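Q: Sharing a sequence plus its predicted fold:
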Amino acid sequence: MSAPAGVITVNGARLSSHPQQAEALVEHGFLFEVLRYDSQYARRASPLDQPRVFPTPRAAIRALRVQMCTAHMLGMTPHEVERAVEWAESGWLHALALLNSGTRCGFTVVVGSGAVVEWTITPVRFLELRTHAVIAPSNPRPLDRN
């Protein structure tokens, strides 16, 4: 048995296939990434945290500042701690201006073991797909009231 016109069946669920019920929006955001390199000369990095997209540059910078304030646990040298505190107190304003102009920014420290930790924020555009389809199972089951 086929579905009526304008309806498709996916895994037993009936979905409307009318194009006016789906929309694609170009959204702007700020990609926040934290990477760790084994040395200054390493070509590969491993993520220290899941990449996240923030809606505003201030939110992304806030996340960077919070992580930097707790980064001393990574084994930062006293010199690197001083640089991080200075950036967290005033350098972030320059980073905010860069992000608002569409330019990537970040902060890098070398920890005592020689590893490098890098925080970056990149302005991005991404496609968000929204659908207004109503999902109706083809064989609805009654609720089990036991």
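A: Good, I have the coordinates.

Q: The residue nearest to L129 when sequence neighbours are not counted - how many residues pack around it?
A: In this structure, L129 finds its nearest non-sequential neighbour in A24, 5.4 Å apart by CB to CB, 6 or more residues apart in numbering. The C-beta positions use only the backbone N, C-alpha and C, and glycine is treated the same way. Neighbours of A24 under the rule other CB atoms under 10 Å: 9.

Q: try T77
A: 13.

Q: wait, what's in contact with the nearest residue to it once chain neighbours are set aside?
A: Ranked by CB to CB, 6+ apart and with sequence neighbours excluded, the top spatial neighbour of T77 is G112, at 5.5 Å. The neighbours of G112, taking CB atoms under 8 Å, 6 or more residues apart in numbering as the test, are 75-77.

Q: Pull up the gap between G112 and A95, please.
A: According to CB to CB, to the nearest Å, G112 stands 25 Å off from A95.

Q: Same question for T103.
A: According to CB to CB, T103 stands 9 Å off from A95.

Q: so where do the helices sit in the chain?
A: Counting by DSSP state H, the chain has these helices, from start to end: 57-69, 78-86, 92-100.
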